[in-house]
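Q: sequence first, then the predicted structure:
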Amino acid sequence: MRRIFMILLAALLVGPIKAGELLEYYVNEVDDHFLLHLDMRVDASHKEIRSTLMDFSKMPEVNDTVIESRLIERSDNKHKIFFVSKGCIWVFCQTIEQVAMVSEPGPGYIMSSIIAEESDLRYGKSLWRLIDEGSKTRVIYSADYVPDFWVPPVIGSSIAKQKMLNEGRKTINGLERLIKSKKLADEQDASDLNRAN
């Protein structure tokens, strides 16, 4: 029963140009909590990754399981955001709405806490850690979630791990694709401006 939730959660929380690397990943279940961990190397700068992750309207472009994402309000270093995600495994599909507070507790960290009374999760916290490696960035994502909906028992852990691996790659590719598309558009704009002058 819990394994299908891990698959959907990986699909809903974490959609090529040159692919990055998925260095390590795991999914674990402790009581009702689902613990997720992705360690990735992304072919983009620290600044570009941070900017993309903090542009909440762009999340559907990073991973297409996110069907809506927007900023509700901002106060100092805190951002209240709304996400709608949808994932399917065979015939079982689940749409999850989340409202979360996102902050940057220090350089290279992005933290998110679910507001349970406004979400389809009873509990949720995640932490993105961005480590500058020059032209590349090491991205470490850790999350702890408790669902607030029923999930039918169907799928084993090997399928869950494979789905999570696929979603991790999808997220890496989505980040890189979006950043590279922006770079190409900026270069084209600069080229057009130079020709006009």
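A: Everything's here; your move.

Q: only C-alpha atoms from now on, for both contacts and neighbour counts.
A: Noted.

Q: and stretch 127-140, which residues are buried?
A: By neighbour count with 16 or more other C-alpha atoms under 10 Å, stretch 127-140 contains the buried residues 127-132, 136-140.

Q: now, which of those sits nearest residue 25?
A: Lowest distance from residue 25 to the buried residues of stretch 127-140 (C-alpha to C-alpha) belongs to residue 140, with 9.6 Å.

Q: in this structure that closest one contacts residue 49, no?
A: No: using C-alpha atoms under 8 Å, residue 140 is not in contact with residue 49; the gap is 11.9 Å.

Q: which of the buried residues of stretch 127-140 fall within strands?
A: The members of these that map onto strands under DSSP state E are 127-132, 136-140.

Q: let's have these in TSV, adding distance to residue 146.
A: What follows is those, written out as TSV (distance: C-alpha to C-alpha, whole Å):
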residue	distance to residue 146
127	16
128	18
129	22
130	25
131	28
132	31
136	32
137	29
138	27
139	23
140	20
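
Q: and the residues you listed, which two are the farthest apart?
A: The widest separation within those (C-alpha to C-alpha) is 19.2 Å, between 127 and 136.

Q: residues in a beta bridge with residue 101, which ones?
A: Beta-bridge partners for residue 101, by DSSP bridges, are residue 80, residue 113.

Q: show me where the protein has helices.
A: For the chain, the helices defined by DSSP state H occupy 2-13, 46-54, 59-62, 157-196.

Q: ranking those by mean pLDDT, which is last?
A: For the helices of the chain, mean pLDDT drops lowest on helix 2-13, to a mean of 47.

Q: reformat the ones in strands among the buried residues of stretch 127-140 as CSV; add distance to residue 77 and pLDDT.
A: Output for those, formatted as CSV (distance: C-alpha to C-alpha, whole Å; pLDDT from 0 to 100):
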residue, distance to residue 77, pLDDT
127, 15, 94
128, 16, 93
129, 17, 96
130, 17, 96
131, 20, 96
132, 21, 95
136, 26, 92
137, 23, 94
138, 23, 94
139, 21, 92
140, 21, 93
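
Q: distance of the nearest residue to residue 68 once chain neighbours are set aside from residue 59?
A: Nearest non-adjacent residue to residue 68, counting by C-alpha to C-alpha, 6 or more residues apart in numbering: residue 84, 5.0 Å away. Look at residue 84 and residue 59: by C-alpha to C-alpha, to the nearest Å, they are 10 Å apart.

Q: anything in contact with each of the two?
A: 66, 68-69 (C-alpha atoms under 8 Å, 6 or more residues apart in numbering).

Q: quick one on the thing from earlier: when residue 84 and residue 59 are compared, which one has more neighbours?
A: residue 59 (25 against 20; other C-alpha atoms under 10 Å).

Q: give me the beta-bridge partners of the residue nearest to residue 68?
A: Counting by DSSP bridges, the residues bridging with residue 84 are residue 68, residue 97.

Q: so what's it up against?
A: 66-69, 95-98.

Q: contacting residues for the closest residue to residue 175 other than its chain neighbours?
A: Counting by C-alpha to C-alpha, 6+ apart, residue 175 lies nearest to residue 62, which is 5.3 Å off, once chain neighbours are set aside. Going by C-alpha under 8 Å, 6+ apart, residue 62 touches 15, 171, 173-175, 177-178.
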